[in-house]
Structures are given as structure tokens and as C-alpha cells.
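Chemist: My questions concern the predicted model and sequence given below.
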Amino acid sequence: MFQFVVRRLIATIPTLLGVMVAVFIALHLIPGDPVVAMLGDMATPEQVVAVRHELGLDRPLPLQFVSFVERYLRGELGNSIRTRRPVAEEISDRFPHTFLLAAAGVFIAVLFGVPLGIIAATRRGSMLDLVSLVLSMTGIAAPVFWVGLLLSMLFAIRLRWFPAIGAGKPGDLVSILQALVLPAFTLGFSTMALIARMTRSSMLEVLREDYVRTARAKGLSEKIVLYKHALRNAAIPIVTIVGLNIGYLLGGAVLVETVFARPGLGKLLVDAILARDYPVVQGVTFFVATSFILVNLLTDLIYALLDPQVRLS
Amino acid sequence: MRKSRFLSLLIVLVLAIELLTGCGAKGTGPSAGGNAGQGSGKGTAKKELRIAMQYDLGTLDPALLTSVTDKQMSSNLYNGLVRYQLGTVKIEPDLAEKWETSKDGLEWTFYLRKGVKFHRGYGELKASDVKFTFDRLKDPELKSAPGKLLAAIKNIQVVDDYTVKIFLSKPDPAFLDKLAGSVGYIVSEKAVKERGAKYGQQPIGTGPYMFEQWNPQQSTIYVANPDYFRGKPGLDRVVYIPIPDATTMYNAFEAGNVDMIQVTDPDKLAKYKKDPSIIIDEKPGLITRFFGMNGAIKPFDNKLVRQAVIAAIDRDGILNNVFKGMSTPATGILSPDVEFALKGIFQPKYDPKKAKELLAQAGLPNGFKTTLYVPNIDRFTKPATVIKENLKAIGIDLEIKVMETQSFLAELKKAQLPMFMLSRGQDATPDRVLFTWFSKKGIPADNWANIDIPEVNQWLDEATSTLDQARRQELFSKVQQRIVQEDYYYFLDHENHIYAMKKYVKGFVGDPQRSIRLDNVTIEGEK
């Protein structure tokens, strides 16, 4: 197990390097210039040239890339061009918000998705199955921002139960949770739908297996058959979906963050791209890529816990 | 298994909340953990104004700030030597009570107001702070971008504590206007030196409000400055909340989570105008929306073709149907508030029949194909579709290319796009706009139509360097008239800056530069 983890960690190095190269090239290929974004209309061409020089943006691209990799090897992410603050600080300010949102999204998705899938599988063809199907299809088909706007219009503007924007007052748990409800439901909705569909089909398959029939023949209660024998075996595809979706939720959080004006990494990244703030774009992408890889590794480890037949080698 | 997974998810959630309530609460500022002012909309006893901003705070260091949001927030934090009279672009004294200029325009003497105090015990404003502020702009370590605007400053001399002389390397007729902008805000030498790189997020000014706290992407909080030299301001707290997405901003306003927003959607404006609990403030901006034709690209090198395009445009259709009265039709190049602006020189007639004749005269009776480049923002893409229809009616096949704004600007600044649409902000004086847009020296960065008319070049050179106001007026007038006659540009309109606020917000006055100054703003009655 230890060996497996070490090997997997080493294998992430080329992946991360690839991400760095790709981001660097993409950033410098798209037209636009942080200096023009900064100086706006008021600057003369000479002033633009002067600022580009001061920021080191007029050096040849390969040189800029080498110094970029060198900085990362030293553990420095550099400073934002726009705010002059360290990129690491910009990320650490936002990450807890995105993490909380993604975790709450997964929580809601699993909390509602798994039971919905089980009900649908055990009462196949019933009215409940149909309701679950309709809910899931809506969840998969409805765009995140649309769900967010609908929830916002109903629960924030009309009923005024939850705020339409923000992440609550810092330090005030009640207001943080209040501000979390709508975004978390918005974010978790489509994942919930996926999980429900996956649980249903996976459960249906497992319920047809011989060992389930054996368990029932032994006279075990339906509850034990379902939860102990069937669900555990049906869980692997569900965990895969959840694992893959945590990465998606981290990235997909950007839309929810925008709709609810919440602080977070996604919004930091979008703002940085629009302002051509290269160090921030590079830092956030690197951070998200690393998180994604770690979550995948964690998912693989959970497989082994769930199913002793899976060997970590 | 399911239970334990459920449990671990729960633990993760609790941990994340801990993380937020614990360390997440740290904002920058003297008192962390303050109220972000984003509750469910219930009013507090304090007079607190919550304003939706387009972006989050970047930096409030006047030597570095460039975004509109940063400029708007800094306008209530700092003072300059001079400022604009509220709601206008007329210069009036601010930190300087009066000033004198030498005959050659190279030597400026400012006499400072006595007893002005910097926020939070940073002492009285002295001439040395003024010298420090402007010397700092030239510090190569700081890499000040806006500082380049004041590059004409040669050196600064402190005469005594309340008198300062600024020497310029060449006369600059727009010098006072530059000082009235954010780059001219005076900072405290002591605070800047003490706070170093953190100054931008922990600023110290002399203005009516003091910086209290910044919660990244959530809020920037100001409190009243009890020692403000014009008297204690009308609000206890100002909370700026960044909401970049327009729909979200309207939702937040309607849900009562913010008290004041900028309105850019005509349908929302119509709705709010009917609502008795909402006040609207409208002001034509120092900005002109236009589309241009590149004279260096065929067939726009032919004046007849350019005239045909201009005659083919149904401006009333665009302004009434797309913008529904949210802007003021342009009758000249410059916004009417700009000094020396000529009004009534651009009044094109919508005449498709004449347009077709002009095209035929130009040898293009069957029209031609061309491309209009626009940034990916509603206020350009929507009128662009009408222009496409208008031109189709006279046989011109127009392709619309929509680009992300920064990419669009990068392409535009090569001056190689056949047709382009944009709106550009202006200053209170016409120097920069007229010179960079229409002089040969503005090619390619600003003169995107490749206009090169020897007389115009010469008039502009003289107008922007003489201090003789009568001569400047004469030359700038000639330039404006001539440029309109050449038909390179269709000057569509001046966008209005429109603010909507709840009726308990009193005393707000908008201005042509949308600086959101809160000079006389207060809260009266129940929220």
C-alpha cells in the first residue's frame, strides 16, 4: 500500500509538468496583455512598453518559462500582477470557501442521491421509480446557473429565507450555513442525479447476483440483504462517480460562485484570466491540478477498502 | 460502510466550516472579524450603506490602482490637491486651498489646507507627504503604471509645511485634471513606509471614510472618519460587495442584500422606475460608443463607401429598441461635459436610398463583404446585430466577430481590423482623446482607423502643447469638425451612468466619471 502511494505520487510529477507547460503556452497564445488590462485607455504606447519591461513580460517566452519553473521548484508561486499580493495568499484566502462548497455539494449529492437510487432499484417500475427518474433527468439536464437562479428567485427574493449572495459573515456559523444552503444545493443537484442513476443501475445488477439470492434463501432480512450484501458490492461505481465529481465540483464551483457572488478559487481564476494576471492563473491551475490528482489517488485507496479483491499494485 | 462514508463526509464538512469560522475570518485591516454586512437584509441601527461593485478590491494604493472598482472605492478614502465639483468635471480646491502657475506653465505652487489629518492617528498632512506621493510614482521598485501619467513632473520642492512647488519638464494643459484623478491622491508617507507591500490592502487617506477591513471576494468595509476636515460624513459604515455577474447583482438588490447598484439592463431600469421604493440616478457619462472603419483597408479607403455606411444606419432604431433610452445620442465626438466639446456637428440622416446611391458611385453597386469586430459584451453585440441588418439592406454582407474583451483590444491595437465597435472613456480635457485617436502619432495603438490628415496632425500637435486657451479652443474645434466630415467613425451615443438605490438612501449625486462619491449620502428611515 505504501509503495503504491509513493509510486502514484512520483507519477504525478510528469502530469503536473504537463499541466504547467500547457497552461503557460495557452496563456501566452491567447491575445491580450496584462499591461493593457492594467493601464486602460490612459496610457501611451511608450508607457505600455515601459511597464511590460518592468514586469519582465518583454523577455523571450522560453526564458519566462524557465524562470517560472524555477520559482515553482523553490516553492514560490510569485505575486499577483494586479494586487501585488503573493499568489499563495490569494489561493489560501479562497480555498476554504471552495472546499466548503464542494464538500457540502458532495454531501448533499450523496445524502439524497444514494437513497433515491436504492428506492428506485428496489421498487422498479413503481411510481417512486418514475419520480426518481424525472428528478434525476432534470438534475442531469438542467444547467447549474439556471438551477441557481431559480433557487435564488424563490428562496432569496420571494421568500427571503436565505441570502442571494455572499458567504455569510466571517466568524458567524449560522450566517455561513445560511449562505451555504442555496449554493450547495445548486452544486450538488446534478451530481445527486448522476449518483441516483448510477446507484439504481448498479443495485439492479447486483440484486440479480447469485449471492443475493443465497442471502435471501438463508432467510436474512431484506434490510441486511440490501445494505450489507447488495449496496456494498454496488458501491464501487458509485464511489468512482463521487471521486470524479469532486474534481468536477471543485472546478464546477466557478459557476455557482458566480451566480451567488461567493468567494472561491473558480472566481479567482476567471477574474485572473480576464485581467491576464499570469502568476495567479498559473498558481490556481497548478493548485487545482494537484488537488484533482490527490482526490483520484484517494478514490483508488477507497476502492481497496470497499472491495478486498482490488489489489493496489 | 455507508454509515462510515456518511460520517467521514460529515466530518469533512464540519472541518471545513471550522476552517472558515476560524482562520477564514481573517481579513486585512485593523479590526478583523467584523460584520460583512451581508445578512438577510434586516437593517441595523447603524447607518450602513451596502453597494454592489463590479469587481473585488485589487489595491487601494493610488500609485498602483487601475480598475474602475478600485478607483470608485478610493474616491471616498482619499483627497487630492484638487478635485471635481460633485456631479461635474469642473476643478475645485481639495487639499490645496489655492494654486498658482508660472507663465510658461512649468512651475505650479500649491498652498495646502491646514489641520487636515490622516486616518487612524497618522498625523497632519504636510507638504512633505505631497512630495513623497509624487516622488514615489517614479520609484523604479514600485513599477507604478498610473504614475506614468504624471511623467511630466520633473521635481517637487517643499517650500514650507503648507506650500509645495511642482516643476514640469514640459507644459501640460491637462495637468490639473490628472491631479484630480486617482493617481493624484495624497498618501501618508509614514503609513506607506510602515505598511510596505501591504499598503494597498491597508490604506491610509484623509477622506471622509476610513478603511476598516477587506474580506477577499466578499466585502470591503469603510467606517466614518470622525476627523474629516469637511465634517463627519453621513454614514457610519460603507460596505462594498463585489458581484461581477449582472443577474446576481439584480437578485441581490431585489432580495434586499445590497442597497445600491449600477443598472445596465433597460428592462430592469423600466421595472425599477415603476417601483416607489427605489430611487434612480441617471447621468450621461464621459464616454462615447462608436463604430469605426479602417481607412487603410479597402474599400474603406474610399470616402464614398464610408458615407454610404453612415447613411445606412438607423440610429433611432438602435437607441430606442436596444438601449431603450439608457443613453444620450452623440451629436459630436466628445461627451458634452468635456472641455471644448462641439455639440451638434454629427447628425447623420438615416437614408438607405442615398446609401445605395453612394455605394454605386463608389463603384460597388452590389455591395461587398466585410467584418465587424466587437467585444463579447451585450452593449456591443446587440447594436452590432442591428448594424448588420441595416447594412444588409444596402447590399453589404457584414460578418460579426465577437471576441473576449482583452483579446479584442490586443487585436484592435494593431489597427488592422476593417470595422470595430467599442466605447471609450474620456477625460475632462480633450487632449488625450483627440490626440491619440486622430493624430498620425496614435497609429496603431489608438488611431485604429488609420486616420492621417496632415492639417489635423499639425492642429493637434499645437493644441496639446500651448497654454493659450483661446487657441486651444479654436484648434480642437477645427479637429472635431474635420474628423466628423471625414466619416471614419459613427459616433453612436454617450452611455448614461445609472444607479438604483433603495429609497432610504438619500443625497447621492452621480457624476460623468461614475466615481460613486458619497459626499452627502446618508440613510434615513427604516431599511
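Modeler: Now that the structure is in, tell me what you want to look at. Residues are numbered from 1 along each chain as shown, chains lettered A, B, ... in the order given.
Chemist: For the spatially most central residue of chain A, which residues are in contact?
Modeler: The C-alpha lying nearest the average C-alpha coordinate of chain A belongs to residue A:250 (CA atoms, centre = their mean; 1.8 Å). Residue A:250 sits next to A:98, A:102, A:265-266, A:288, A:291-292 when contact means CB atoms under 8 Å, 6 or more residues apart in numbering or on different chains. C-beta coordinates here come from the backbone N, C-alpha and C atoms, glycine included.
Chemist: Looking at the residues you listed, state which has the most neighbours.
Modeler: The most neighbours of any of the contacts of residue A:250, using other CB atoms under 10 Å in any protein chain shown, belong to residue A:102, which has 31 neighbours.
Chemist: Just confirm that one is within a helix.
Modeler: Yes: using DSSP: H, G, I helix; E, B strand; the rest coil, the assignment for residue A:102 is a helix.
Chemist: And for residue 109, the neighbour number?
Modeler: Let's take chain A. Residue A:109: 29 neighbours (other CB under 10 Å).
Chemist: let's do chain B instead
Modeler: By other CB under 10 Å, neighbour count at residue B:109 equals 16.
Chemist: Check which helix or strand it maps to.
Modeler: Per DSSP states H and E, residue B:109 falls inside strand B:107-112.
Chemist: likewise residue B:422?
Modeler: With DSSP H and E as criterion, residue B:422 is part of strand B:419-425.
Chemist: for residue B:500, same thing?
Modeler: With DSSP H and E as the criterion, the answer for residue B:500 is strand B:489-502.
Chemist: so can I have JSON lines of the contacts of residue A:250 showing distance to chain B?
Modeler: Shown next, in JSON lines, are these (distance: CB to the nearest CB, whole Å):
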{"residue": "A:98", "distance to chain B": "10"}
{"residue": "A:102", "distance to chain B": "9"}
{"residue": "A:265", "distance to chain B": "10"}
{"residue": "A:266", "distance to chain B": "10"}
{"residue": "A:288", "distance to chain B": "17"}
{"residue": "A:291", "distance to chain B": "14"}
{"residue": "A:292", "distance to chain B": "17"}
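Chemist: In JSON lines, list the residues you listed along with pLDDT.
Modeler: What follows is those, written out as JSON lines (pLDDT from 0 to 100):
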{"residue": "A:98", "pLDDT": "88"}
{"residue": "A:102", "pLDDT": "88"}
{"residue": "A:265", "pLDDT": "87"}
{"residue": "A:266", "pLDDT": "83"}
{"residue": "A:288", "pLDDT": "84"}
{"residue": "A:291", "pLDDT": "83"}
{"residue": "A:292", "pLDDT": "81"}
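Chemist: show me where chain A has helices.
Modeler: In chain A, the helices defined using DSSP state H lie at A:2-29, A:34-39, A:45-54, A:61-73, A:87-122, A:127-141, A:144-151, A:173-207, A:210-217, A:222-224, A:231-259, A:265-274, A:278-306.
Chemist: Quick check: next helix or strand after the strand holding residue B:109?
Modeler: Assigned by DSSP H and E, the successor of strand B:107-112 is helix B:127-136.
Chemist: Touching that following helix from outside, list them.
Modeler: By CB under 8 Å, 6+ apart, helix B:127-136 touches B:62-63, B:81, B:95, B:110, B:112, B:118, B:142, B:144, B:147, B:150, B:153, B:156-164, B:166, B:185-189, B:192.
Chemist: okay, the angle between it and strand B:107-112?
Modeler: For helix B:127-136 against strand B:107-112, the angle by axes from the mean of the first three to the mean of the last three CA atoms, to 10 degrees is 130 degrees.
Chemist: ok so, going back, so what does the strand holding residue B:500 touch, helix or strand wise?
Modeler: Helices and strands touching strand B:489-502, by 3 or more CB pairs under 8 Å, 6 or more residues apart in numbering or on different chains; DSSP states H and E, are strand B:260-262, helix B:266-274, strand B:278-284, strand B:287-293, strand B:327-329.
Chemist: what is residue B:419 paired to in the beta sheet?
Modeler: residue B:293, residue B:372 (DSSP bridges).
Chemist: residue contacts, it?
Modeler: B:291-294, B:300, B:370-373, B:398.
Chemist: what's the residue lying closest to residue B:113 once chain neighbours are set aside sitting at in phi/psi?
Modeler: Distances taken as CB to CB, 6 or more residues apart in numbering or on different chains place residue B:97 nearest to residue B:113, at 5.1 Å, with adjacent residues excluded. For residue B:97, the backbone dihedrals are phi -80, psi -40 (criterion: degrees, to the nearest 10).
Chemist: For residue B:97, which residues are in contact?
Modeler: Neighbour list for residue B:97: B:111-113 [criterion: CB under 8 Å, 6+ apart].
Chemist: Closest one to residue B:197 out of those, please.
Modeler: Each of the contacts of residue B:97 was scored against residue B:197 by CB to CB, and residue B:112 proved nearest at 28.4 Å.
Chemist: Please tell me how far the closest residue to the closest one other than its chain neighbours sits from chain A.
Modeler: Excluding its sequence neighbours, the residue lying closest to residue B:112 (CB to CB, 6+ apart) is residue B:162, at 4.4 Å. Look at residue B:162 and chain A: by CB to the nearest CB, to the nearest Å, they are 30 Å apart.
Chemist: Distance of residue B:162 relative to residue B:425?
Modeler: Separation of residue B:162 from residue B:425 (CB to CB, to the nearest Å): 34 Å.
Chemist: Take the contacts of residue B:97 and write them to a markdown table, including pLDDT and neighbour count.
Modeler: Below are the contacts of residue B:97 laid out as a markdown table (pLDDT from 0 to 100; neighbours: other CB atoms under 10 Å in any protein chain shown):
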| residue | pLDDT | neighbour count |
| --- | --- | --- |
| B:111 | 97 | 18 |
| B:112 | 97 | 24 |
| B:113 | 97 | 17 |
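Chemist: what about residue 221, how many neighbours?
Modeler: Looking at chain A here, since you left the chain open. If you count neighbours by other CB under 10 Å, residue A:221 ends up with 11.
Chemist: other chain: chain B
Modeler: Residue B:221 has 26 neighbours, counted by other CB under 10 Å.
Chemist: so it makes contact with residue B:235?
Modeler: No: with contact defined as CB atoms under 8 Å, residue B:221 does not count as touching residue B:235 (11.6 Å).
Chemist: and residue B:525, that's in a strand?
Modeler: No: if the criterion is three-state DSSP, then residue B:525 is coil and not within a strand.
Chemist: my read: it touches residue B:504, true?
Modeler: Yes: Residue B:525 is in contact with residue B:504 according to CB under 8 Å; the separation is 4.7 Å.
Chemist: before we move on, back to that, between the contacts of residue B:97, which sits nearest residue B:459?
Modeler: Distances from residue B:459 to those, taken by CB to CB, are shortest for residue B:111, at 35.8 Å.
Chemist: what's near enough to touch that closest one?
Modeler: B:96-99, B:162-163.
Chemist: Excluding chain neighbours, what is closest to residue 265?
Modeler: Looking at chain A here, since you left the chain open. Distances taken as CB to CB, 6+ apart place residue A:98 nearest to residue A:265, at 4.4 Å, with adjacent residues excluded.
Chemist: wrong chain, I was asking about chain B
Modeler: Per CB to CB, 6+ apart, closest to residue B:265 is residue B:246, 6.5 Å.
Chemist: go on, residue A:199?
Modeler: residue A:117 is the one closest to residue A:199 (CB to CB, 6+ apart), at 2.5 Å.
Chemist: quick one, what contacts that neighbour?
Modeler: A:132, A:195-200, A:202-203, A:238.
Chemist: Dump those residues to TSV, plus pLDDT and neighbour count.
Modeler: Compiled in TSV, the contacts of residue A:117 are given as follows (pLDDT from 0 to 100; neighbours: other CB under 10 Å):
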residue	pLDDT	neighbour count
A:132	85	25
A:195	89	27
A:196	89	28
A:197	88	21
A:198	88	21
A:199	89	28
A:200	90	24
A:202	89	21
A:203	88	25
A:238	83	24
